[in-house]
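Visitor: need a 3D model of the following:
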Amino acid sequence: MSEWYDRGRAALWAVSLAILTSFTAGATITVASIEQEVRLTAVLLAVFALALYGIVRRTYDRWADRQPLAVILVYFMPFFVGTVVFNTLLGLLIGWHGIVTTLLDAAAVAAVFVLSVYLAFYGGADRVTAYAVDRFDLSL
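Guide: Next up, the predicted model:
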């Protein structure tokens, strides 16, 4: 494949995953108004697209032969569930308004993003699967 094709494909992956990520994160981070939420989501889209482009380009050979929907599932499911769970817990423990809640929500999103990237792009899901097979004596 040509370098241009690989870059275009990586950009498509990055933007697609960034849309899912930024819309989920933008909806779960507590802000004061709808306008702030729209701005936050736009900023998150740009940040996540740039971060994911670098990650996708760096790890493309490792996961390019896998089924694309499996990669999306392994990336997005932990991100979605983790973001919702952490932000719900923060909301119950601290409350729903204020700069502290916004900062803690953003920190939770960042932590879950790192975990999701590790699982999907750096072999974390394979390690978790191998551990579960060994630990619970499963056969796949």
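
Visitor: quick one: the least confident helix or strand in the chain by mean pLDDT to chain centroid distance?
Guide: Using mean pLDDT, DSSP states H and E, helix 124-136 stands out as the lowest-scoring helix or strand of the chain, at a mean of 86. Distance, stretch centre to chain centre, for helix 124-136: 21 Å (C-alpha atoms, centre = their mean, to the nearest Å).

Visitor: got any ranges where this protein has weak pLDDT?
Guide: Low-confidence segments of the chain (pLDDT under 70): 1-5, 140.

Visitor: can you give me the helices for it?
Guide: Under the criterion DSSP state H, the chain carries helices at the ranges 3-28, 34-63, 68-94, 99-121, 124-136.

Visitor: still on that earlier bit, counting by contacts, list what the least confident helix or strand of the chain packs against.
Guide: Other helices and strands packing on helix 124-136, by 3 or more C-beta pairs under 8 Å, 6 or more residues apart in numbering; DSSP states H and E, are helix 99-121. C-beta here means a position set from N, CA and C on the backbone, and glycine is covered the same way.

Visitor: thinking again about what came up before, reformat the helices of the chain as CSV; add mean neighbour count.
Guide: CSV is the format used below for the helices of the chain (neighbours: other C-beta atoms under 10 Å):
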stretch, mean neighbour count
helix 3-28, 17
helix 34-63, 15
helix 68-94, 16
helix 99-121, 18
helix 124-136, 12
